[in-house]
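Chemist: I'd like to go over a predicted model; first the sequence, then the structure.
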Amino acid sequence: MAREKPPIVLVHGGMHGGWCWKRMRPLLAAAGHDVFTPTLTGLGERAHLGGREVGLSTHVEDVLAMVRAEELERFVLVGHSYGGMVITGVAEAIGEKLVAVVYLDALAPRDGECAADISGLRIDYAALPDGMIPVFPDYTFGLADPADIAWVMAHVTPQSARTVLEPLRIVTDHARLPRWFIECTAGRGDTTVMDGIAARAAEVARDPSWRHVTFEAPHDCMVSHPRETADLILDIVRAADAA
């Protein structure tokens, strides 16, 4: 009897919400996986719950609470962009439940780092009104298609500065986890946050405890290339599940 396919949990990036997986989610479901796309506190349709008190630990607990509520025991965890910080915190708490951890062009922190340490984004966080990072009107998340850009910009929301300033404590050996890093190589441009992800991806590519894959797609690949992104994740899930 064939083993049941592992569920897939997709954690969105900064200023996004569960909505960003809309084009890709049905493709993973059609392949026989239960798919979960939680929206982190203060973002997306939960923007009304936002505020300066929301931090990275809040977002880690968002995902852990969903895992408990859905009674997930053996699943694949995918994090995009800032979501890499969140899935690292989740893996720290329940790594034994994970079939694979996939960093989708994401921040991959070391012990004691915060998101701002990796991105290198130069912002005077102390001067931000209400402690919230505003949506950057000229930042397109690497997208080139005007329709894609318009769709994303209609949905992104401000985000608490605390989420990118709160450091993550890592005390377990994550090298023991089946970890993949998907590096999106299109549309990098000269955006500082993209440079930060690319620099960390280069380090990951030299580390044998990681599996590193390049993907000719922009940062918001789930929007611009939903089929290709889904296929890539499905390939990883099959490889991890067979190991």
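Modeler: Nice, I can see it.
Chemist: for the longest helix belonging to the chain, list the C-alpha coordinates in CSV.
Modeler: Of all the elements of type helix in the chain, the one with the most residues (DSSP state H) is helix 226-242. Once non-C-alpha atoms are left out, helix 226-242 reads as follows in CSV (Å, rounded to 0.1, in the frame of the first residue of the first chain):
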residue,chain,number,x,y,z
PRO,A,226,3.2,29.0,-10.5
ARG,A,227,3.4,25.8,-12.5
GLU,A,228,7.2,25.7,-12.6
THR,A,229,7.5,26.5,-8.9
ALA,A,230,5.0,23.8,-8.0
ASP,A,231,6.8,21.3,-10.1
LEU,A,232,10.1,22.1,-8.5
ILE,A,233,8.6,21.8,-5.0
LEU,A,234,6.9,18.5,-6.0
ASP,A,235,10.3,17.1,-7.2
ILE,A,236,11.9,18.0,-3.8
VAL,A,237,9.0,16.5,-1.9
ARG,A,238,9.3,13.2,-3.9
ALA,A,239,13.0,13.1,-3.3
ALA,A,240,12.7,13.8,0.4
ASP,A,241,9.8,11.4,0.9
ALA,A,242,11.7,8.6,-0.8
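Chemist: number of nearby residues for the nearest residue to C184 once chain neighbours are set aside?
Modeler: Once its chain neighbours are removed from consideration, C184 has its nearest residue in D105; the separation is 4.1 Å (C-beta to C-beta, 6 or more residues apart in numbering). Quick note: C-beta positions are derived from backbone N, CA and C, even for glycine. Applying other C-beta atoms under 10 Å, we find 30 residues neighbouring D105.
Chemist: ok, now how distant is D105 from S160?
Modeler: Taking C-beta to C-beta, to the nearest Å as the criterion, D105 is separated from S160 by 22 Å.
Chemist: cool, and A201?
Modeler: 26 Å.
Chemist: the more surrounded of these two?
Modeler: In this comparison of A201 against S160, neighbours counted by other C-beta under 10 Å, the higher total goes to S160 at 25 against 22.
Chemist: what sits against R46?
Modeler: Applying C-beta atoms under 8 Å, 6 or more residues apart in numbering, we find R46 in contact with 17, 39-40.
Chemist: roughly how far does it sit from L177?
Modeler: Computed as C-beta to C-beta, the R46 to L177 distance reads 28 Å.
Chemist: about what we covered before: how about the longest helix of the chain: buried residues?
Modeler: For helix 226-242, burial by neighbour count (16 or more other C-beta atoms under 10 Å) applies to 226, 228-230, 232-234, 236-237, 240-241.
Chemist: try stretch 32-39
Modeler: For stretch 32-39, by 16+ other C-beta under 10 Å, it's 33, 35-39.
Chemist: those residues in helices, which ones?
Modeler: Per DSSP H, the subset of those in helices is empty.
Chemist: any chance of CSV for those residues, columns distance to V9 and pLDDT?
Modeler: Formatted as CSV, the entries for the buried residues of stretch 32-39 read as follows, by distance: C-beta to C-beta, whole Å; pLDDT from 0 to 100:
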residue, distance to V9, pLDDT
H33, 10, 97
V35, 8, 98
F36, 5, 98
T37, 8, 98
P38, 7, 98
T39, 12, 98
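Chemist: list the buried ones in the helix or strand bottoming out on mean pLDDT in the chain?
Modeler: Here the helix or strand of the chain ranked lowest by mean pLDDT, DSSP states H and E is helix 192-205, holding a mean of 86. Of the residues in helix 192-205, those buried by neighbour count under the rule 16+ other C-beta under 10 Å are 193-194, 196-197, 200-201, 204.
Chemist: for G89, state which of these is nearest.
Modeler: Taking C-beta to C-beta as the measure, R200 is the one of the buried residues of helix 192-205 closest to G89, at 16.5 Å.
Chemist: many thanks, I have nothing further to ask.
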